[in-house]
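J.: I would like the atomic coordinates for the input below:
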Amino acid sequence: MKYLSFVFAFCISLSSFSQKVITKSIDSKELKQKRNFKIYLPKNYKKDLTTNYPLAIVLGDQYLFDLYVGNAKLFANLDKAPRQIIVGIEMEKTYVKDVSIVAANNMLTSRSSHFYNFIKYELIPYMEANFRTSPFMSITGEGKGANFLTHFLKEPEPIFNAYICATPEFAKYSSQIINSYKLDRLGKIDNTYYIYASNSKNQTIEELYDRYSEIGTFLSSFNAENFHVNFDKFEKSPSFLSTISETIPRAFTDIFSLYSKISKGEYEKTVKNLAPLEAIKYLEKKYLDIQYLYGANLNVRLDDIYAIEGIVMDKMNGDYLRVLGDFVMIKYPDLHLGDYYVGKFHELGKDYEKADFYYKAAYGKMNPSDPNTDAFYENIKRVNDLMEVQKSNEEILPEEDNEEEEKEEDKQ
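T.: Below is the predicted model of the structure:
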């Protein structure tokens, strides 16, 4: 009981600190009644009029909605996920009917078919027409609602990119129904899809857990690179509520893994052994994919530039520092970093005059109050010293050549 009180207190606190939650309604032709829903608008939604946001639909406008909003804020504030527009559908009095199935074959009932169409033909178009949504959409449900949302996978081109299934209560024929969707076709679609599901053997009856494991194994068998499946098993989850509360952040970690900056794991697995030019292209593609998938016009993070800096600088004699420098100058024209990379490229190539030019350009972009300015000025002093040595050597060489010529003449 104490844990339950804590969860509800947590949810209330999340709601009270939300940036903007409004209530809207649609006079639904499908449901033949008015249906209310809550909409969470992310931070700066009304200030930044150029940004589009992924749309998340939650089956229910109470605790699951609050959990989703709280985690969405946390992940966005930590730059682990894009900010999202979140819709929680009012279902308190209609939940059982809205997500009902025909027990004999696990097909949707007449009522749940109308609810399905309400989401597809009324709610989503309403949100797209009235709010700045990006193409990336997710849907979240728990229990029977988690089973219901898997029916959206049958669409020739699935509406949702991500399906979050908290403790799904898959029905007897769920595996056959999902199998009939022929999900291997997703590999041929130019999009990306995620299914994240959670369950705990300690909190689920054996029959449901076995069914959950069976469906998870089946879905994980597909080899499509754009279809990501994670059927998580919380072996040590102390309660049903604990499983649900852990589901959202774990799902976000999967679904928005591309959005996050290059992690240690990503670097070790994918980036570390790339050649310099490949590393630069990898970084450029990462941010193009972020923009394409989530609709987020995100500039390349400096942390990610620093992540590949060593590769470009240390491999192939720094030959691709010029490419990295040009790339950074496009992304951050007012920052000194791009000029520094180009200056370093010329210094390594012993073109000290050009190195001096770019180092001075970089120094000029630095804030005089920056504590690193004095240390950076050492680059300019160093290449000027090298330039003097180089000029001295050039002056000596002709004299030596003349002495050799005189000796040859004397011999003759």
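J.: which parts of the stretch 1-150 of the chain are strands?
T.: Secondary structure of the stretch 1-150 of the chain (DSSP state E, counting those that start in this stretch): strands at 20-28, 33-41, 53-58, 85-89, 133-142.
J.: same check on the stretch 201-350 of the chain?
T.: Using DSSP E, counting those that start in this stretch, strands in the stretch 201-350 of the chain cover 227-233.
J.: where in the chain is pLDDT low?
T.: Flagging of the chain using pLDDT under 70 yields the residue ranges 1-19, 397-412.
J.: return the residues in contact with the residue nearest the centre of it.
T.: Using Cα atoms, centre = their mean, the residue of the chain that lies closest to the mean C-alpha position is residue 259, 1.9 Å off. Residues in contact with residue 259, defined by Cβ atoms under 8 Å, 6 or more residues apart in numbering, are 80, 81, 82, 290, 294, 296, 298. Placement of C-beta: from N, CA and C, glycine included.
J.: could you dump the strands of the stretch 1-150 of the chain into a markdown table and include distance to residue 330 and mean neighbour count?
T.: Formatted as a markdown table, the strands of the stretch 1-150 of the chain follow (distance: least, Cβ to Cβ, whole Å; neighbours: other Cβ atoms under 10 Å):
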| stretch | distance to residue 330 | mean neighbour count |
| --- | --- | --- |
| strand 20-28 | 35 | 13 |
| strand 33-41 | 32 | 18 |
| strand 53-58 | 26 | 25 |
| strand 85-89 | 30 | 24 |
| strand 133-142 | 24 | 23 |
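J.: can you tell me which of the ones you listed comes nearest to residue 315?
T.: With Cβ to Cβ, the closest approach to residue 315 among the strands of the stretch 1-150 of the chain belongs to strand 133-142: 35.1 Å.
J.: okay, now the sheet partners of the closest one, with direction.
T.: strand 53-58 (parallel), strand 162-166 (parallel) (DSSP bridges).
J.: among these, which is nearest residue 242?
T.: Across these, closest to residue 242 is strand 162-166 (Cβ to Cβ), at 11.3 Å.
J.: how far off centre is that closest one?
T.: 16 Å (Cα atoms, centre = their mean, to the nearest Å).
J.: after it comes which helix or strand?
T.: Downstream of strand 162-166, the first helix or strand assigned by DSSP states H and E is helix 174-180.
J.: buried sites along that next one?
T.: 174, 175, 177, 178 (16 or more other Cβ atoms under 10 Å).
J.: one more: stretch 316-336?
T.: Applying 16+ other Cβ under 10 Å to stretch 316-336 flags 318, 320-325, 327-329, 331-332, 335-336 as buried.
J.: would you mind giving the residues you listed as CSV with distance to residue 53 added?
T.: As requested, the buried residues of stretch 316-336 are arranged in CSV below (distance: Cβ to Cβ, whole Å):
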residue, distance to residue 53
318, 40
320, 36
321, 37
322, 37
323, 33
324, 31
325, 33
327, 27
328, 28
329, 30
331, 22
332, 25
335, 27
336, 33
